[in-house]
Each structure stands twice: as C-alpha cells, then as structure tokens.
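Peer 1: what follows is a predicted protein model with its sequence.
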Amino acid sequence: MRLIELYLSVQGESSFAGLPCIFVRFAGCNLRCAWCDSEYTFTGGTAYTEDEVVAQIEALGKGAAPCRLVEFTGGEPMLHARELLPLMPRLLAAGYTLMMETSGERPLDEVPAEVHKIVDVKCPGAGAAANSFRLQNLATLTPRDEVKFVLSDRVDYEFARAFMAEHALAERVGQVLLSPAFAKTPSPLRTADNATLDPRTLVEWMLEDGLPARLSLQLHKFIWEPQKKGV
Ligand code: SF4
C-alpha cells in the first residue's frame, strides 16, 4: 500500500479529539475539495507491505503510555481497500482501536463493524467534490460512526441541516460533527481567524436551531501552525 506518512500525534477531530493517536496517511485521492488541506497527498508516497505497516505502528505505539489508537486517513484510504481491508482485522485482533477518515464516496460495506468510521459528507462549498457521498453507505453507519460536514458558509450549513433531517442522522450515528473550513493559504497564526466560517457564527446558528450536532475545530490547526504537516 502507498503511504505518505505514518506518525504519532494527537487526534485533532471527532469524539476521540485530544487523545494520542497513530496516523496512517494514504497517498492519492479521487476528489478535489475546494478547501482541501492535504493536496500533498495526491501524488507520490512510499510503498509499504502489510507487515511493514504493522511493525511501524507497533514501534510508534511503544512508550511509557502505549498508544493503541490508530487512524487511517489520506488522501482517501478506501482507494487502497484491497490492502487496507485485510489489515484492519489483524490490528483489531492485536487490540488496537481503529478509526478511518473517509469521504464515503467508495463502498463501506466491507469495513469491519468495529472500525470507527468518520465519514465526511461533502457540502456545496467543497466545489467539484460536492454531493460525492454514496448514499448507499448510510446503511453501513452505526452509533460507532461519526459524520462530518466541513462548512464554508451558510449555504453549507443549510445543506448539512437538511441532510441531517432527511436521513435522521443524529439517531443513526454517534456524532454529527460540524467543522468550519480553513483558508487554503492560512496565516501562520494559530487562530480561528484562519477559518473561512467564523466558529462563533456557526455556534450561534447551531444554538438557534437546537441542532443535535457537535462543533468540531481541527485541534492541530491551533496547536501547530495551520500548514504544518506530519502532526
Ligand atoms: S477528500 Fe480529503 S484529501 Fe480528498 S480532496 Fe477532499 S479534503 Fe482533500
């Protein structure tokens, strides 16, 4: 499988935010979100065997407080389904908690139920990637999973609100995450001013509507400079 990077950091999003986590970042993506902050994953990468990935995860997870949380991300991990799907049961059997960030454009029905899927349903502001979510994947989502909407503006917010209502999302998954998009060329300052939708405005809308969702700020953009990689 082709990877861009494999590293230990802290989980920046989802209900696991703030926990130490080993990231396995796959190369390649078939979408082109207007606000993508991972364009460096589109090409290149290094080929790893399954054994090499497991060995790297084991090495990274060793420490005074061993890390047993692993996230598959990218790029789009499900473009590597042929190699990734056999790796998942192996890591689960070894006692790891697994998360996967995916656009939900590829079928998810073969992903083991124990994996926490964080599925990013693309809003109109994603540009060419809008409406790429495969609706059939809704049937694979359980309270173990989370759905994330990255929001650029009010149009995106209303899209997310309508999608949540139409598909009874809050009853179907563990968390619905609303995450303000960040500027493609942010300042090096670790502030919310780099968000294209002010988080304060988003919170006001959520409270006004009593939306059953969780505000999600990408923690790593506040801990490190927003464009820093491998963190
Ligand atoms: S799906 Fe993710 S990696 Fe692919 S273009 Fe969108 S934000 Fe970037």
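Peer 2: Okay, I see it. Numbers count the residues shown, from 1 in each chain.

Peer 1: name the helix or strand for the residue positioned nearest the centre of the chain, please.
Peer 2: Closest residue to the average C-alpha location of the chain: Glu101 at 3.5 Å, with Cα atoms, centre = their mean. Take DSSP states H and E as the rule and Glu101 turns out to sit in strand 97-102.

Peer 1: that strand pairs with which strands?
Peer 2: Strand pairing for strand 97-102, determined by DSSP bridges: strand 69-73 (parallel), strand 116-120 (parallel).

Peer 1: which outside residues touch the first one?
Peer 2: Outside of strand 69-73, the residues that reach it under the criterion Cβ atoms under 8 Å, 6 or more residues apart in numbering are 11, 16, 19-26, 57, 84, 91, 96-101. Just so you know, the C-beta spots here come from the backbone N, C-alpha and C atoms, and that holds for glycine as well.

Peer 1: ok so, going back, quick one: closest of the strands paired with strand 97-102 to the ligand.
Peer 2: Closest approach to the ligand among the strands paired with strand 97-102 is made by strand 116-120 (6.5 Å; Cβ to the nearest ligand atom).

Peer 1: show me where this structure has its helices.
Peer 2: Assigned by DSSP state H, the chain shows helices spanning 50-61, 81-93, 154-166, 169-172, 199-209, 220-223.

Peer 1: between the strand ranked longest in the chain and helix 81-93, how big is the angle?
Peer 2: Criterion DSSP state E: the longest strand present in the chain is strand 2-10. Interaxial angle of strand 2-10 relative to helix 81-93 (axes from the mean of the first three to the mean of the last three Cα atoms, to 10 degrees): 30 degrees.

Peer 1: so what strands line up beside strand 2-10?
Peer 2: Here, using DSSP bridges, strand 2-10 pairs with strand 20-26 (antiparallel), strand 46-47 (antiparallel).

Peer 1: next one: the last one to chain centre, how far?
Peer 2: To tie it back to what came earlier, the one meant is strand 46-47. Offset of strand 46-47 from its chain centre (Cα atoms, centre = their mean, to the nearest Å): 22 Å.

Peer 1: what comes into contact with that strand?
Peer 2: Met1, Arg2, Leu3, Ile4.

Peer 1: ditto for stretch 181-196
Peer 2: Contacts for stretch 181-196 (Cβ under 8 Å, 6+ apart): 35-37, 125, 150-153, 156, 180, 197-200, 217-218, 221-227.

Peer 1: want to throw the strands paired with strand 97-102 into a markdown table with distance to Thr191, mean pLDDT and mean neighbour count?
Peer 2: Shown next, in a markdown table, are those (distance: least, Cβ to Cβ, whole Å; pLDDT from 0 to 100; neighbours: other Cβ atoms under 10 Å):
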| stretch | distance to Thr191 | mean pLDDT | mean neighbour count |
| --- | --- | --- | --- |
| strand 69-73 | 24 | 98 | 23 |
| strand 116-120 | 24 | 98 | 23 |
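
Peer 1: can you tell which of these is closest to Pro107?
Peer 2: Pro107 lies closest to strand 116-120 among the strands paired with strand 97-102, at 12.0 Å (Cβ to Cβ).

Peer 1: buried residues, stretch 131-142. List them.
Peer 2: The neighbour-count check on stretch 131-142 (16 or more other Cβ atoms under 10 Å) flags Ser132, Phe133, Asn137, Leu138, Thr140, Leu141 as buried.
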